[in-house]
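S.K.: Quick one, what's the 3D model for this:
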Amino acid sequence: MTTPMPKMLKDQLKGFVPTQKATEIMGLVVKGSTLMRLCKTLPMASDEYQFSLWADTPSAYWVGEGERIETTEASWIFPKMQAKKMAVIVPVTKEKLNDSTINVFEELKPAIAEAFYTAFDKAGLFGVKSPFAKNIFQAAVDEGNYVVDGTNTNLDLDVSDTMALIEDSDFEVNAFAAHGGVKNRIRKLRDSDGNKLFVDVNQGEFYGQPISFCKNGAFDKTKAEMIAGDWNKAVIGIREGIEYQILTEATLQNTLWTDGKPLSLAEQDMIAIKATMRIAFLPVQPKAFAVLATKGTTPTPSTETEN
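M.R.: Just a heads-up that it's a prediction; the model follows:
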């Protein structure tokens, strides 16, 4: 049985990233993304996914013998999420055209994954250049679910009050997201006898719940120290696999060359690989999230009903 010849990039100028490599890239995206580690993920059969949720649940009544059973009404809400295209462009030498698609995407896996998970976390956590209707930070602020850092004398008390905002709405905090600078503050927490309150910060827990320290630069420490939540109440939708297209003539305005000018692929005898994926995100229950806001800030609610 003859072994099939490998597909060369020059003969495959666009299409889907080979399945194995696409799976490996997505594995790196999940590993690097705070949101993807915490939230629910589901496949999407179309560009739009609609949820059906109770707004006011029906009530039960005690009924005496022979009495009529009272009727009750329950209202529903139907939040939607839509898949949006996310793209990354990676410039490479033209010699890559003579390599197999498998080898090219093996080499580019880390760069593609990092670009994807950083952009996604920035959009989903704080709404940075976001195509999504809502982000976690603003959804919580719009519900009034925030505590300003320094309200109490210690971080642990501020975090407890932040958790209470979620618990008051009958949700349970199952994880935290934070920036790395919070680690030092947690390590320094002491009780009245000088004993450490939390000795397991390096094990990734706070108040007995996982804490994910965002390491990709997506966490905006000018707005928040930490976000608490029932992260099952935020959903990520994956629409389709990762596609690619080879660019040969484009000028990459956001990529500067050593001369300080935008990279021109044609002039500099290079190509670029554009990778795209379609992804959706929605905090389905905004009350399930609360923010420990950065000291000295006052979070501002949206002026619109949809953020």
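
S.K.: hey, what's Phe213 bridged with?
M.R.: Ala178 (DSSP bridges).

S.K.: Would you mark the buried spots in the top strand by length along the chain?
M.R.: Looking across the chain with DSSP state E, the single longest strand is strand 270-283. For strand 270-283, a neighbour-count test (16 or more other Cβ atoms under 10 Å) marks 270-273, 275-283 as buried. (C-beta placed from N, C-alpha, C; glycine too.)

S.K.: where does Val291 fall, phi/psi-wise?
M.R.: Dihedral pair for Val291: phi -120, psi 130, per degrees, to the nearest 10.

S.K.: Contacts only, for Ile89.
M.R.: Going by Cβ atoms under 8 Å, 6 or more residues apart in numbering, Ile89 touches Leu247, Ala250, Leu252, Thr255, Ala272, Ile273, Lys274, Ala275.

S.K.: Assign it to helix, strand or coil.
M.R.: strand (DSSP: H, G, I helix; E, B strand; the rest coil).

S.K.: So it versus Leu97, what's the distance?
M.R.: Distance, Ile89 to Leu97, by Cβ to Cβ, to the nearest Å: 16 Å.

S.K.: Repeat that for Thr151.
M.R.: Distance from Thr151 to Leu97, by Cβ to Cβ: 58 Å.

S.K.: More neighbours: the two, which one.
M.R.: Higher neighbour count among Thr151 and Leu97: Leu97, with 17 against 13, using other Cβ atoms under 10 Å.

S.K.: what pLDDT, on average, does stretch 42-51 get?
M.R.: Averaging pLDDT along stretch 42-51 gives 85.

S.K.: If you could redo that for stretch 155-167, that was the one I meant.
M.R.: pLDDT averaged over stretch 155-167 gives 97.

S.K.: Can you give the distance from it to the centre of its chain?
M.R.: Relative to its chain's centre, stretch 155-167 lies at 22 Å (Cα atoms, centre = their mean, to the nearest Å).

S.K.: Kindly report the same for stretch 20-30.
M.R.: 16 Å.

S.K.: Name the residues of it that come out as buried.
M.R.: For stretch 20-30, by 16+ other Cβ under 10 Å, it's Lys21, Ala22, Glu24, Ile25, Met26, Leu28, Val29.

S.K.: pLDDT score for the second one?
M.R.: For Ala22, the model assigns a pLDDT of 94.

S.K.: ok, back up a step: by contact count, what packs against the longest strand of the chain?
M.R.: strand 80-82, strand 84-93, helix 101-126, strand 234-238, strand 243-247 (3 or more Cβ pairs under 8 Å, 6 or more residues apart in numbering; DSSP states H and E).

S.K.: Which elements pack onto the longest one?
M.R.: By that I understand helix 101-126. helix 19-32, helix 34-38, strand 84-93, helix 136-142, strand 270-283.

S.K.: The last one now?
M.R.: In terms of contact count using 3+ Cβ pairs under 8 Å, 6+ apart, strand 243-247 is assigned the packing partners strand 14-16, strand 270-283.

S.K.: 10 Å - rerun?
M.R.: When contacts are defined as 3 or more Cβ pairs under 10 Å, 6 or more residues apart in numbering; DSSP states H and E, strand 243-247 packs onto strand 14-16, strand 84-93, helix 101-126, strand 270-283.

S.K.: For Val173, grab the count of nearby residues.
M.R.: 23.

S.K.: just checking, it touches Glu167?
M.R.: Yes - with contact defined as Cβ atoms under 10 Å, Val173 and Glu167 form a contacting pair (7.3 Å).

S.K.: Give me the common contacts of those two.
M.R.: Residues touching both Val173 and Glu167 (Cβ atoms under 10 Å, 6 or more residues apart in numbering): Ala228, Asp230, Ala290.
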